[in-house]
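Colleague: Please work out how this folds:
(2 chains)
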Amino acid sequence: MISARPLHLRPAYDVLVVGGGPAGMAAALGAREAGAERVLMVDREPEAGGILNQCIHNGFGLHHFKEELTGPEYAQRFLEQVLEHEVDVLTDAYVLDVDGARRTAVMSPEHGVRGVDAHAVVLAMGARERTRGAVRIPGQRPAGVMTAGFAQKLVNQAGYLPGRRVVVLGSGDIGLIMARRLVLEGAEVLGVFEILPHVNGLSRNVVQCLQDFDIPLHLSTTVTRIHGRDRVESVSVAPVDEALRPLPARGWEVPCDTLLLSIGLIPENELSRRLRLRLDPVTTGPVVTSAMETSRDGVFACGNVVHIHDLVDYVTQESLLAGRSAGAFALGAAAAPDNVRLVPGENVVSCVPHTITTEREHVVYLRVRRALKPCTLRLGEVYERPLRYVVPGETVMVKVRPRFLEAFHGDALRVDVVPREEGAP
Amino acid sequence: MLSYDVTIVGGGVIGCAIARELSRYRLRVLLLERAAEVGFGTSKANSGIIHAGHHSDPSTLKGRLEWEGNRRWPALAASLGFGFRRIGELTVAFDEDDRRTLRTLLERGERKGVPGLELWPSARVRAEEPNLSTEIVEALHAPTAAVVNPYEACFALAESAVRNGVELACGEPVKAIDRDPEGLFLHTAARTVRSRFVINAAGLHADRVAELAGAEPFTVKARKGEEYLLDKRLVGMVKRLIFPCPTPHSKGILVIPTFDGTLMVGPTAHLTDKDDLTTTAEGAEEAFAGGRRLVPGISERDCIAEFAGLRAVLEGEDFLIGPTRVRGFLNVAGIQSPGLTAAPAIAERVVAMLADEGLELESDDAFEEGVEPPVHVAELDLAELAALAARDPRYARIACRCENVTEGEVLDAVARGGRTLDGIKFRTRAGMGRCQGGFCTWRCLALLSEATRAPIASLTKRGGGSWIACERGDRAAGEVGHD
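Modeller: Predicted coordinates:
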């Protein structure tokens, strides 16, 4: 794998990108594409690539590269381009602080603590996993309760197993993929338990990771208690009622030594908070314009820091845009401001970006509240499109073209995903 | 066979404080701890409160030692460098009964000489702590209340003791005690030692240790306290410790701004088994209901971690400190709340008792009061951090990014005796933040393995069978170098 080359860290850059995962790499490329000369990408790991480096399964790049790659391959292709385009890559480094004037403090063993000024900053720190505390599972606190992502690092990068007999709580993609990985590595996966009546990960992962490996999936069922003094010895599981309250009388106990949690991701927004960015209470990421600019001038954000993406290809697409916008801003050629707010309406929990303009084409990402079979996506009164199905676990992408908005003169556009009306096609 | 003047059974905060106090003298002292590291029992699950001094009845031993202990903490913290902050407390009243209780507490405190106690009318309460319940009619302010990191205090006391010559043996529960005219013999799986004096500071297991020695029997019961830590977002929501009016058995559910600022609600108080460290749905409900009664803005949704600790409780609810019918065997048992507060005073009292029992105390001129405190990068400003990073690049590499803990701090924790993930976590905060170790666990394991040359699969969360990862291949998880 190509790594970063030795770097003379400059005191000022056109664009500084925080994070060298898929979002950061695409943003750096986007910034160069827009004409920014001096672009710095900072990553805390010794190798850029972010979480992709531990995702050794395939399925990446089908949209962007039209071929199926593993995570490290996808990262490698981007890193090669990043280096070719002479982006300064600073790994093994950490951005301690960013202020409203886009002055940053960067720390690395090689360079110590250094002040770096940037004309534009792109936040691409990714996400972290929700933990046991977030779902508050009662019981003892033995070793062996861990997030699926930590287990993934342990198995795929460090070469150890998290345990031998594994229960997975939550049906996020990492959990499904780790269930399969652990079976392949010789562990026993006793089941995947999901409190909701539907899977949180992609449908293709349910088929390829669980069904193909005969791993039982228990929907509307959750872990109610953890047992074991030193190490996990078993977990109690129980079905839940419609209000998601466990029904212990119908529960049972599963002997195991490991409980993997795949209960969702949370945008990593420590720096966003330091910058006092406006945050969306639903996505918990920054509120962004159609240029992926946050509530602070010259501070952009992309990838899982903004909202959780299903596919890395979408991260790439969004981050190229964020990088181009940051590059343009740094050169004094920022895009015209947005003139339309998007408002989540019926069965829509979140929309990203939060605003758009009637001048350009946009990709809008939606999350729905509940699953619907044939249904209709509606943008105010100006646009309507039939959808085959929607599920809460999968993002809905809508291309909004300027011509849809020609007849629109309001300032807010409501987005609904509603059941298909009788008699409609 | 090795022979000691004093052997302390139990490396909780009490045992560590006694060990450190004894290290002032020319004595051979052994501190035996059953867990993998000191402070891993009741002490680490403590609320971390140094009580103001007015809560316990002055006619009880714990009532007297509470205020005596409180006064010793600032100097102790200053010389040992652990976190200590006098943030004060408010005991709040919701009705007339409560107001009478406040007056009893005030009178108790004044009798003991606790300074600064003051009744605040509701308007003052609201001005000082605007997030408290508007139903609070009055509060008793006690400026002498403080918070510490209880495990940090334990580690620092033990470290100071060891530097001043105390021998520390962890992972060694006492299996048997017998005696001859020259002293007592203690047997662990690894060794047999002779000791003129034995201090029973075994916490929950003090009754068993007393029985092994043939001392007067007593029973230690475990009273569990569940605690719930809230997200950093809520830091600053209350500035002081917030207490409801106490009941005879417990100080009630508190809202605790911990030393690090993070809010905590708890502890519950229910008798249970000595190995029951579970948190429960009922406990959470009780803790959050209690917390919300004081601070209505607290929500279960903000919980990031939870834990439970067991208080060692004797019949009569008081401390049991003193000699027994077995010559040379002293009990320091039943040290429940305010045990942490009282610890420095207990240690001095025990040393005085040992002198009464015939132990010669000759000051050791080589005794060093202080310990170089560990660096916490998160507490440094940029200029200080820049200087440190320039001196030692290991302090420029972040290991835990929720709490901004560097590789240098993790390695320092190992150098100071951290041998488990929890030992590193409690010394550095790595793994205590929002992601609860998701990112830093691997780095901490790798650093610990490298520094101690212990294989990854032999490392544990907190000793015993608490292994974290196992080897691939045919070897079964349980067989990979665990005891």
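Colleague: List the buried residues for stretch B:458-476?
Modeller: B:459-471 (16 or more other Cβ atoms under 10 Å in any protein chain shown). Bear in mind the C-beta positions are built from the backbone N, C-alpha and C, glycine included.
Colleague: Report the mean per-residue pLDDT for it.
Modeller: The average pLDDT within stretch B:458-476 is 87.
Colleague: next one: stretch A:280-292
Modeller: Mean predicted lDDT for stretch A:280-292 stands at 95.
Colleague: That one close to chain B?
Modeller: No - contact of stretch A:280-292 with chain B (Cβ under 8 Å from any Cβ of the partner chain) is absent, the minimum separation being 10.9 Å.
Colleague: quick one: contacts of that stretch?
Modeller: Outside of stretch A:280-292, the residues that reach it under the criterion Cβ atoms under 8 Å, 6 or more residues apart in numbering or on different chains are A:123, A:266-267, A:269, A:272, A:277-279, A:294-295, A:300-302, A:304-308, A:318-319, A:321-322, A:325, A:334-335, A:337-338, A:344, A:349-350, A:352-357, A:360, A:362.
Colleague: filter those by proximity to chain B?
Modeller: Among the contacts of stretch A:280-292, the residues within reach of chain B (Cβ under 8 Å from any Cβ) are residue A:266.
Colleague: hmm, which of the contacts of stretch A:280-292 are the buried ones?
Modeller: A:123, A:266-267, A:269, A:272, A:277, A:279, A:294-295, A:300-302, A:304-308, A:318-319, A:321-322, A:325, A:334-335, A:338, A:344, A:350, A:352-357, A:362.
Colleague: Tell me which entries of those lie within strands.
Modeller: A:123, A:266-267, A:300-301, A:344, A:350, A:352, A:355-356, A:362 (DSSP state E).
Colleague: of these, closest to residue B:34?
Modeller: Using Cβ to Cβ, residue A:266 is the member of those that sits closest to residue B:34, with 38.2 Å.
Colleague: The closest one touches residue A:125, doesn't it?
Modeller: No - taking contacts as Cβ atoms under 8 Å, residue A:266 lies outside contact range of residue A:125: 11.4 Å.
Colleague: Which single one of the ones in strands among the buried ones among the contacts of stretch A:280-292 is nearest to residue B:318?
Modeller: Comparing every one of these with residue B:318 (Cβ to Cβ), the shortest separation belongs to residue A:266, at 46.8 Å.
Colleague: what are the bridge partners for the closest one, then?
Modeller: residue A:128 (DSSP bridges).
Colleague: Quickly note the distance from it to residue A:127.
Modeller: With distances taken as Cβ to Cβ, to the nearest Å, residue A:266 is found 6 Å from residue A:127.
Colleague: And residue B:80, by the same measure?
Modeller: As judged by Cβ to Cβ, residue B:80 and residue A:127 stand 39 Å apart.
Colleague: same question, residue B:284
Modeller: In terms of Cβ to Cβ, residue B:284 sits 26 Å off from residue A:127.
Colleague: just residue A:52 next, same as before
Modeller: Here residue A:52 is placed at a distance of 13 Å from residue A:127 (Cβ to Cβ).
Colleague: Show me the beta-bridge partners of residue A:398.
Modeller: In this structure, residue A:398 bridges to residue A:364 when assessed by DSSP bridges.
Colleague: Who are the contact partners of it?
Modeller: A:363-364, A:366, A:377, A:379, A:385 are the contacts of residue A:398 under Cβ under 8 Å, 6+ apart.
Colleague: rerun at 10 Å
Modeller: By Cβ atoms under 10 Å, 6 or more residues apart in numbering or on different chains, the contact list for residue A:398 reads A:342, A:351, A:362-366, A:377, A:379, A:383, A:385, A:387, A:404, A:415, A:417.
Colleague: Got the phi and psi for the closest residue to residue B:106 other than its chain neighbours?
Modeller: Leaving aside its sequence neighbours, residue B:106 sits nearest to residue B:117 (Cβ to Cβ, 6 or more residues apart in numbering or on different chains; 5.4 Å). When quoted as degrees, to the nearest 10, the phi and psi of residue B:117 stand at phi -60, psi 140.
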